[in-house]
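Trainee: whatever this is, show me its structure:
(one chain, ligands or ions: 2)
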Amino acid sequence: MSNKLVILDTMPSPSEFYGTYWNRRPFVVRGAISEVEMSGLITADELAGLSMEETPRSRMVKTAGELQDWKCRFGPFTEEDYETAGDRDWSLLIQNVEQFHPDTATLLRHFNFAPRWLMDDIMVSFSAKGGSVGPHIDSYHVFLTQGEGKRRWKVGREAVEEEVYIKGVDLKVLEQAFEGDEVEMTCGDVLYVPPKFAHEGVTLESALTFSVGFLGPKTSELFSAYSQYLSEFEDLDQRYVGEGLNTDSSGFTLSEGAVSDIRTSLEAHLKSDYFTQWLVEFFTESSHEDFGSYSKREEMLYDDEFEGELQEGASLIKPEYVKFAITTSRSGGFCLGFDSQSFTLDERLFPLIHMFMKEEVVNSKSYPDLFAEPAYLEFLLELYNHQALEFAE
Ligand code: SIN
Ligand code: CO
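Mentor: Ligands and ions are numbered 1, 2, ... in the order given. Below you'll find the predicted structure:
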């Protein structure tokens, strides 16, 4: 078997990652994450417990000898489902586990070199020996991180251009065979698979797999969300009144000038500062089940209570499941998005926000300027009261 799959000992540096692999080439990192750290993530029993709840989106996939006989059922599941599942050839998959099990979200720290603002979710699967969801492609970039157990993966060498799925199966299983390389993964190994690269995992010893997915929006999703945003501001959502039309546009003819004017007006919306501001809001829109959009925590703090806690040495941290997006602002400083809100901030706040983005602990020792300006505390309190920050234990 020729093995073209790159096997690394450590995660690639950010420049290697974007220069060589991102969107282009799969790779495996052996022992990228320690077994101790992996053992702190959700366990198989906890995952089964989650699958019995109403909210998490869970699926059970039963592999069969003939591909056409594959079965996929959606949760919630019961004790009986597990009693009758047998000890081979099935998988349980649950999406957005980082929202239901915050310790599992700590895994995200290992993927800070990837665009965290595109992070979609951590899907976790438990699979019995022989368990597989079949050969398939995904729309997202995925880092398949092996927990307990052992799996054999086959991964394609290029993106599939025209996928054909087996008919009559309520699961997207590729009909066509694909060329690829095989690798066995054990606890702490990470396999990066770019979008549309075929892959298939088969369980050798009952296993947990953590799929950290990064997914970009479709053009239509961007346009429709931006339109929705514009529609909320009357002055940004002006009607086209045919300004400057002449006889070239009479009757049923749109003159070149009319087409160009409409295009220019749309371009102006894309080139504006509010477009940039909207983007950081868009990329941080919460899909968190327990949070509404920018919702307040039940037990909000007043500024003197908040300051008191910090003066007494309390530390703040951004939990890993909280998504930030930042970009430089043309009017100076930078723009921070969180949970569909945006804040234009002074560049002096950048080191502080940077610490939160690295999920570092912030207190008056690690950030001596914490009390330098009342506006800093005001801003941190705003984030805290909207559940972007927590006190570290
Ligand atoms: C699995 O864990 O079996 C499926 C993960 C994937 O291929 O995306
Ligand atoms: Co996949």
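
Trainee: count the residues that sit near the residue in the chain positioned nearest to ligand 1.
Mentor: Across the chain, no residue is closer to ligand 1 than S125, which sits at 3.3 Å (CB to the nearest ligand atom). For every residue, glycine as well, the C-beta is placed using N, CA and C. For S125, the neighbour count with other CB atoms under 10 Å is 25.

Trainee: what do you get for T344?
Mentor: Neighbours of T344 under the rule other CB under 10 Å: 14.

Trainee: where does E289 land on pLDDT?
Mentor: In this model, E289 is scored at 56, pLDDT.

Trainee: what segments of the protein are helices?
Mentor: Ranges of helices within the chain are 14-16, 35-39, 44-51, 79-83, 97-100, 102-105, 219-231, 256-271, 273-282, 303-311, 350-357, 374-385, based on DSSP state H.

Trainee: and the ones you listed as JSON lines, adding mean neighbour count and mean pLDDT?
Mentor: Below are the helices of the chain laid out as JSON lines (neighbours: other CB atoms under 10 Å; pLDDT from 0 to 100):
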{"stretch": "helix 14-16", "mean neighbour count": "12", "mean pLDDT": "97"}
{"stretch": "helix 35-39", "mean neighbour count": "13", "mean pLDDT": "97"}
{"stretch": "helix 44-51", "mean neighbour count": "17", "mean pLDDT": "97"}
{"stretch": "helix 79-83", "mean neighbour count": "11", "mean pLDDT": "94"}
{"stretch": "helix 97-100", "mean neighbour count": "24", "mean pLDDT": "94"}
{"stretch": "helix 102-105", "mean neighbour count": "17", "mean pLDDT": "96"}
{"stretch": "helix 219-231", "mean neighbour count": "13", "mean pLDDT": "97"}
{"stretch": "helix 256-271", "mean neighbour count": "12", "mean pLDDT": "97"}
{"stretch": "helix 273-282", "mean neighbour count": "18", "mean pLDDT": "94"}
{"stretch": "helix 303-311", "mean neighbour count": "14", "mean pLDDT": "96"}
{"stretch": "helix 350-357", "mean neighbour count": "16", "mean pLDDT": "95"}
{"stretch": "helix 374-385", "mean neighbour count": "16", "mean pLDDT": "94"}
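
Trainee: can I get those helices in JSON lines with distance to E161?
Mentor: Converted to JSON lines, those look like this (distance: least, CB to CB, whole Å):
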{"stretch": "helix 14-16", "distance to E161": "27"}
{"stretch": "helix 35-39", "distance to E161": "35"}
{"stretch": "helix 44-51", "distance to E161": "35"}
{"stretch": "helix 79-83", "distance to E161": "38"}
{"stretch": "helix 97-100", "distance to E161": "32"}
{"stretch": "helix 102-105", "distance to E161": "34"}
{"stretch": "helix 219-231", "distance to E161": "19"}
{"stretch": "helix 256-271", "distance to E161": "30"}
{"stretch": "helix 273-282", "distance to E161": "29"}
{"stretch": "helix 303-311", "distance to E161": "55"}
{"stretch": "helix 350-357", "distance to E161": "37"}
{"stretch": "helix 374-385", "distance to E161": "44"}
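
Trainee: span of stretch 129-139 from start to end?
Mentor: The straight-line separation of the ends of stretch 129-139 (CA to CA, to the nearest Å) is 27 Å.

Trainee: closest to C187 out of the helices of the chain?
Mentor: Nearest to C187 among these is helix 35-39 (5.0 Å), distances taken as CB to CB.

Trainee: can you list the residues of the stretch 1-150 of the chain near ligand 1?
Mentor: By the rule CB under 6 Å from any ligand atom, the part of the stretch 1-150 of the chain lying against ligand 1 is S91, S125, S127, V133, D138, V142.

Trainee: quick one: contacts for the fifth one?
Mentor: So that's D138. When contacts are counted by CB atoms under 8 Å, 6 or more residues apart in numbering, D138 touches V193, P195, K196, H199, G213.

Trainee: number of residues surrounding the second one?
Mentor: Using other CB under 10 Å, P195 has 17 other residues around it.

Trainee: quickly note the distance from it to Y367.
Mentor: In this view, P195 and Y367 are 38 Å apart by CB to CB, to the nearest Å.

Trainee: now swap in the last one and tell me
Mentor: Between G213 and Y367 the computed distance is 32 Å (CB to CB).

Trainee: I figured G242 hits S255, correct?
Mentor: No: G242 is not in contact with S255 according to CB atoms under 8 Å; the separation is 10.7 Å.

Trainee: in terms of packing, which of the two has more residues around it?
Mentor: Per other CB under 10 Å, whichever of G242 and S255 has more neighbours is S255, with 15 against 10.

Trainee: nearest spatial neighbour of E378, chain-adjacent residues omitted?
Mentor: Nearest residue to E378, sequence neighbours excluded (CB to CB, 6 or more residues apart in numbering): D303, at 6.8 Å.

Trainee: who touches the one you found in this structure?
Mentor: By CB under 8 Å, 6+ apart, D303 lies in contact with L377, E378, L381.

Trainee: any regions of the stretch 101-250 of the chain where pLDDT drops low?
Mentor: Nowhere does the stretch 101-250 of the chain drop to pLDDT under 70.

Trainee: just to revisit the earlier point, list residues touching both of G242 and S255?
Mentor: Common neighbours of G242 and S255 (CB under 8 Å, 6+ apart) are S249.

Trainee: would you turn the residues of the stretch 1-150 of the chain next to ligand 1 into a markdown table with distance to K154?
Mentor: What follows is those, written out as a markdown table (distance: CB to CB, whole Å):
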| residue | distance to K154 |
| --- | --- |
| S91 | 16 |
| S125 | 16 |
| S127 | 15 |
| V133 | 13 |
| D138 | 15 |
| V142 | 15 |
